[in-house]
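1. Okay, predicted coordinates and the sequence, questions at the end:
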Amino acid sequence: MKNAMASRLTWVAAALLLAACGGGGDSRAGGGGAAAGTPVNGGMAVVGVKADFGGFNPVSNSALATDEVIKYMLFTPLVQFDEKLNVTPYLAESWQLADSGVTFKLRRDVSWHDGRPVTAEDVKFTFDLAKNPESAAGVISTYLGQVKSATVVDPYTIRFDFVAPHAQALEDFWWAPLPKHLLQGVAPAQLAQAPYNLKPVGSGPFKLVSWQQGQALTLEANPRFPQALGGRPRLDRVIFRIIPEATTRMTEVASGTVDVDYSILPDEAKQLQTQRGLRLEHYPSREMTFLGWNNEREMFRDARVRRALTMAVDRQRIIQALMFGFARPASAVIPAFSPFNPGLQPLPFDPAGAKQLLAQAGWQDTNGDGIVEKGGQPLRFTIITNASNQLFQDIATVVQQQLKGVGVDAQIRTMEFQTLLQQHKARDYDAIITNWTWDYFRPDPTPLFSCAEARKPKSANRSGYCNPQADQLMQAGLRETDPAKAKQTWTQFSQLLQQDQPLTLLYWTEEIAGVGPKLEGAQMDARSKLVNVARWWIPANRRR
């Protein structure tokens with residue numbers, strides 16, 4: 001065991017040396033090959049994914065990968081987002097927005113895959129299900145906290161009333177309705193187990209053909225999808241193959257049996273960049289990786305200690321050495337692509353400053369053993385992380401080394417993911433390396449940082465952070481309807497959070513996908529890897 005750890009430390013040290021000498025990923029890699037010509041319909045694309053999907057029900061689903069198939073393939077959300085993250089019409093062709101609520105006019109040419117029209121009754125039915133606690137609503141519940149009720153005005157008009165005026169209100173409606181005529185007999189408490197979820201009748205540009213769970217999901221083009229929304233997809237079929245092994249997915253995309261590798265790791269991306277005819281799609285994601293501190297532990301109650309620990313960690317070198325440049329330093333919990341990002345600089349990597357802060361907080365090495373102590377207790381704690389995530393284990397090893405440089409003794413413990421999750425939820429830990437993904441584009445950090453959530457057992461506020469001033473700023477930011485004023489408020493909140501450091505924000509991950517030589521037109525961004533899947537195409541001379 002000792003030799004294995006020594007070997008890994010050697011590898012990490014070598015990687016850090018490489019980063020210091022200028023190693024790292026290119027910002028973009030292009031593929032080779034002749035010009036493809038004019039897009040044409042037909043053909044089949046194969047997408048390799050590392051895990052199976054959940055049930056395809058917009059209300060009960062809680063998995064983001066499944067949510068993307070729902071929003072861009074199987075169903076028709078009320079609104080979508082353009083490449084600048086502006087809300088655009090989709091099922092709702094127009095709206096009238098006021099402080100008290102919003103009224104949507106629905107398109108009249110969208111049908112369920114069984115031929116029935118999509119109406120306001122379907123939209124209200126879905127909203128009522130999502131607001132019903134018995135439904136255990138998943139991703140969709142994120143959007144509806146500020147929406148009080150829904151009223152059908154006529155078959156193609158629906159009004160939503162708000163709890164209160166709030167910013168970016170149209171983002172509340174980035175969700176897809178369910179068919180009332182097929183699900184009205186299902187009890188809300190049974191919605192997650194409904195047979196419908198395995199064989200959904202949707203309204204989107206693709207229809208489900210078959211789902212062999214654990215093996216493959218097959219979708220086919222919907223020829224009746226409205227031309228105004230893009231019309232029939234260019235591909236006849238898209239098959240998602242479940243391939244858990246990363247090396248197998250990468251080998252298959254290189255050989256052409258898989259057209260898109262959905263989940264490329266940073267070190268794999270460096271290898272793919274050398275493969276002729278292949279290309280990488282990578283872009284800022286909504287996933288933030290962080291080092292979490294249990295603010296309820298005595299050693300972490302002082303914000304000066306948490307700031308010192310952050311200043312002892314060289315995030316840029318971690319990004320270059322372990323992420324191969326496919327990440328960006330995180331300075332706020334609002335991502336850089338958001339119009340409300342405050343543009344703060346991260347706390348600097350400053351070991352000398354970290355030692356000074358620790359000394360101010362009463363932590364000093366009085367016995368010469370290299371570890372600072374206070375009241376006879378050394379600053380010693382355990383960082384827990386996922387036993388199946390080698391990247392997080394390597395980050396923990398680097399953090400351990402860097403904290404040692406300021407007199408902090410951090411031990412590392414890996415554990416099975418579900419056990420890790422339960423301890424994190426229960427706040428039964430000292431420190432943790434993990435990540436968080438924002439469900440949509442409106443800033444709402446209350447689940448992570450509000451005092452109300454800190455008081456709830458097993459809430460999303462797993463650091464136990466509570467600052468009434470932060471609560472006031474978050475509520476003001478959520479309610480402010482003037483974008484300029486809202487940005488000022490979120491900047492104040494971010495500055496306060498930077499001082500308090502309940503978490504050490506490490507980086508925003510870049511999503512990475514490998515695209516094979518057959519497929520054309522695939523474009524991906526922070527919205528989804530599937531954002532333009534209906535426009536993917538394969539030239540006739542490249543088809544299987």
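-> Alright, I've got the coordinates. Numbering: from 1, shown residues only.
2. Identify the bridge partners of the residue most central in space within the chain.
-> For the chain, the residue nearest the mean C-alpha position is residue 437 (3.1 Å; CA atoms, centre = their mean). Using DSSP bridges, the bridge partners assigned to residue 437 are residue 287.
3. Could you measure from residue 112 over to residue 210?
-> With distances taken as CB to CB, to the nearest Å, residue 112 is found 19 Å from residue 210. Every residue, glycine included, has its C-beta placed from N, CA and C.
4. And those two? Which one has more around it.
-> residue 112 (22 against 12; other CB atoms under 10 Å).
5. Isn't the more buried one up against residue 204?
-> No. Contact criterion CB atoms under 8 Å: residue 112 and residue 204 do not qualify, at 10.0 Å.
6. coming back round to it: for the residue nearest to the centre of the chain, give its distance to residue 448.
-> For residue 437 relative to residue 448 (CB to CB), the value is 12 Å.
7. so what's the residue nearest to the centre of the chain up against?
-> 64, 285-288 (CB atoms under 8 Å, 6 or more residues apart in numbering).
8. got it, and residue 192?
-> Applying CB under 8 Å, 6+ apart, the residues near residue 192 are 55, 57, 60, 135-136.
9. neighbour-wise, which of those leads?
-> Result: residue 57 is most packed of the contacts of residue 192 (other CB under 10 Å), 27 neighbours.
10. where's that residue relative to residue 183, distance?
-> 8 Å.
11. do residue 474 as well
-> 35 Å.
12. how about stretch 126-135: buried residues?
-> Buried residues in stretch 126-135, counted by 16 or more other CB atoms under 10 Å: 126-127, 129-131, 135.
13. er, stretch 285-305 actually
-> 285-295, 299-300, 302-305.
14. and the end-to-end length of it?
-> End-to-end span of stretch 285-305 (CA to CA, to the nearest Å): 30 Å.
15. ok, now stretch 520-537?
-> 5 Å.
16. what sits up against that stretch?
-> 36, 39-41, 43, 45, 68-69, 71-73, 81, 83, 85, 205-206, 225, 230, 233-235, 238, 260, 262, 281, 283-286, 335, 337, 441, 511, 513, 515, 519, 538-539.
17. Looking at the residues you listed, which are in helices?
-> 68-69 (DSSP state H).
18. and the contacts of stretch 520-537, which are buried?
-> 36, 43, 45, 68-69, 71-73, 81, 85, 205-206, 225, 233-235, 238, 260, 262, 281, 283-286, 335, 337, 441, 511, 513, 515, 519, 538-539.
19. What's the local residue count around residue 314?
-> When neighbours are counted by other CB under 10 Å, residue 314 comes out with 22.
20. Pull up the gap between it and residue 431, please.
-> Distance from residue 314 to residue 431, by CB to CB: 17 Å.
21. what stretches of the stretch 301-450 of the chain score poorly on pLDDT?
-> Applying pLDDT under 70 to the stretch 301-450 of the chain flags no residue at all.
22. Would you map the strands across it?
-> Counting by DSSP state E, counting those that start in this stretch, the stretch 301-450 of the chain has strands at residues 327-329, 373-374, 377-378, 380-386, 409-415, 431-437.
23. List the pairing partners of the third one within its sheet, with orientation.
-> Note on strand 377-378: by DSSP bridges, its sheet partners are strand 373-374 (antiparallel).
24. tell me how far the partner strand is from the chain's mean position?
-> 39 Å (CA atoms, centre = their mean, to the nearest Å).
25. what does it contact?
-> Contacts of strand 373-374 (CB under 8 Å, 6+ apart): 361-367, 379.
26. follow-up on the earlier one: which among the contacts of residue 437 gets closest to residue 486?
-> residue 286 (19.0 Å; CB to CB).
27. got the contact list for the closest residue to the closest one other than its chain neighbours?
-> Computed as CB to CB, 6 or more residues apart in numbering, the closest residue to residue 286 that is not its neighbour in sequence is residue 438, at 4.3 Å. Residue 438 makes contact with 286, 288, 335, according to CB under 8 Å, 6+ apart.
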